[in-house]
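**Q** I would like to see how this sequence folds:
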Amino acid sequence: MTHPTSSEPTPFDPATVDLTPPRGVVTVYSDIWCSFAHIAVHRLHTTRARLGLAEQVSFDLRAFPLELLNDAPSPRPGTDSEVARMASLEPAAGWQLWQAKDWLYPSTTLPALEAVLAAKEQSLHASEQLDLGLRRAFWAESRCISHRKVILDVAADSGAVDADALAAALDDGRARRTLSEHAAVSRTDRVNCSPHLFLSDGSDHANPGIDVGWEGGYGIGWPVIASDDPKVYEDILLRAATE
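**A** Residues are numbered from 1 along each chain as shown. Have a look, this model is predicted:
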């Protein structure tokens with residue numbers, strides 16, 4: 001009698017992940033908690049629209065889960081300290097200090113990040129619109145994006161996501177392994193920060209256009225912006241469309 005042989009799954013190796021997307025795609029590693037990523041994603045969307053590249057360029061959103069990298073939730077004093085300074089760079093992205101009850105402040109972004117990854121089953125466009133909506137829900141609307149209902153409400157309101165299909169994907173956790181793999185890649189020196197963009201020509205752009213330092217520790221001090229050049233997004237998107 002022969003017995004079936006069991007085989008162990010191949011361990012995931014973050015060093016082998018190809019970070020270079022195909023032409024017409026910008027890969028974006030980021031967290032929703034990150035104010036710099038909120039600016040970057042807003043500028044990607046608005047610059048793409050202004051250049052008329054909506055049909056030529058898509059965004060592949062990948063997770064840079066800060067709470068896993070830091071072994072702790074993102075501290076609210078940190079995000080609060082960033083709002084006024086970062087809002088002055090890009091007011092149209094949508095900002096406000098937290099207005100909801102204190103106990104509704106999200107303790108995690110992992111469910112929201114997982115939802116963005118799960119939405120890719122529908123399309124990159126669906127994932128993009130959910131990601132954009134969740135960022136605005138947190139930064140501009142003080143909504144608890146760790147909560148399943150909020151995530152699904154944002155999905156339904158986006159006009160681009162099948163919220164029932166997304167709910168099924170969240171229920172069976174089909175994107176959870178992908179989230180863990182993105183976290184493993186984010187722990188390497190291949191991805192430096194949130195946001196970090198990768199293009200098909202092999203170039204990469206960490207926190208594009210913004211040179212930042214800090215006065216005091218994170219959550220105690222505040223960001224100090226040495227320079228900001230939003231025009232870098234024109235070059236990024238034109239290169240993504242043509243190279």
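**Q** Let me see the contact set for residue 193.
**A** Residue 193 sits next to 36, 64, 206-207 when contact means CB atoms under 8 Å, 6 or more residues apart in numbering. In this view, the C-beta of every residue, glycine as well, is placed from N, C-alpha and C.
**Q** Please apply the same query to residue 105.
**A** So residue 105 contacts 76, 98, 144 (CB under 8 Å, 6+ apart).
**Q** Please report the distance of it from residue 80.
**A** The gap separating residue 105 from residue 80 is 10 Å, by CB to CB, to the nearest Å.
**Q** so what's residue 43 closest to, chain neighbours aside?
**A** residue 233 (4.7 Å; CB to CB, 6 or more residues apart in numbering).
**Q** Go ahead and list the helix or strand containing that neighbour.
**A** Element membership of residue 233, judged by DSSP states H and E, is helix 232-242.
**Q** Report all helices and strands that that helix contacts.
**A** strand 25-30, helix 35-51 (3 or more CB pairs under 8 Å, 6 or more residues apart in numbering; DSSP states H and E).
**Q** out of these, deepest packed?
**A** Across the helices and strands packed on helix 232-242, averaging neighbours per residue (mean count of other CB atoms under 10 Å) puts strand 25-30 on top, at a mean of 23.
**Q** Within the sheet, what are the partner strands of that one, with directions?
**A** With DSSP bridges as the test, strand 25-30 is paired with strand 58-63 (parallel), strand 196-198 (antiparallel).
**Q** For that strand, give me every contacting residue.
**A** 19-21, 37, 40-41, 44, 57-64, 124, 182, 185-186, 191, 194-200, 236-237, 240.
**Q** And the helices in the chain?
**A** Applying DSSP state H to the chain gives helices spanning 35-51, 66-69, 76-89, 110-118, 124-139, 148-158, 163-172, 176-186, 232-242.
**Q** Nearest to residue 212, out of those helices?
**A** Among the helices of the chain, the nearest to residue 212 by CB to CB is helix 35-51 (7.3 Å).
**Q** Tell me which residue lies nearest the centroid of the protein.
**A** residue 30 (3.7 Å; CA atoms, centre = their mean).
**Q** how about the CA coordinates for stretch 178-194, as PDB?
**A** The C-alpha coordinates for stretch 178-194 follow below in PDB (Å, rounded to 0.1, in the frame of the first residue of the first chain):
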ATOM      1  CA  THR A 178      -1.500  38.600   1.200                       C
ATOM      2  CA  LEU A 179      -1.600  41.200   4.000                       C
ATOM      3  CA  SER A 180       1.000  39.100   5.900                       C
ATOM      4  CA  GLU A 181       3.200  38.800   2.900                       C
ATOM      5  CA  HIS A 182       3.100  42.600   2.300                       C
ATOM      6  CA  ALA A 183       4.100  43.100   5.900                       C
ATOM      7  CA  ALA A 184       7.100  40.700   5.400                       C
ATOM      8  CA  VAL A 185       8.200  42.700   2.300                       C
ATOM      9  CA  SER A 186       7.700  45.900   4.300                       C
ATOM     10  CA  ARG A 187      10.100  44.700   7.000                       C
ATOM     11  CA  THR A 188      12.900  44.400   4.500                       C
ATOM     12  CA  ASP A 189      15.100  47.300   3.300                       C
ATOM     13  CA  ARG A 190      13.400  47.000  -0.100                       C
ATOM     14  CA  VAL A 191      10.500  49.200   1.100                       C
ATOM     15  CA  ASN A 192      11.600  52.200   3.100                       C
ATOM     16  CA  CYS A 193       8.500  53.900   4.300                       C
ATOM     17  CA  SER A 194       4.800  54.700   3.800                       C
END
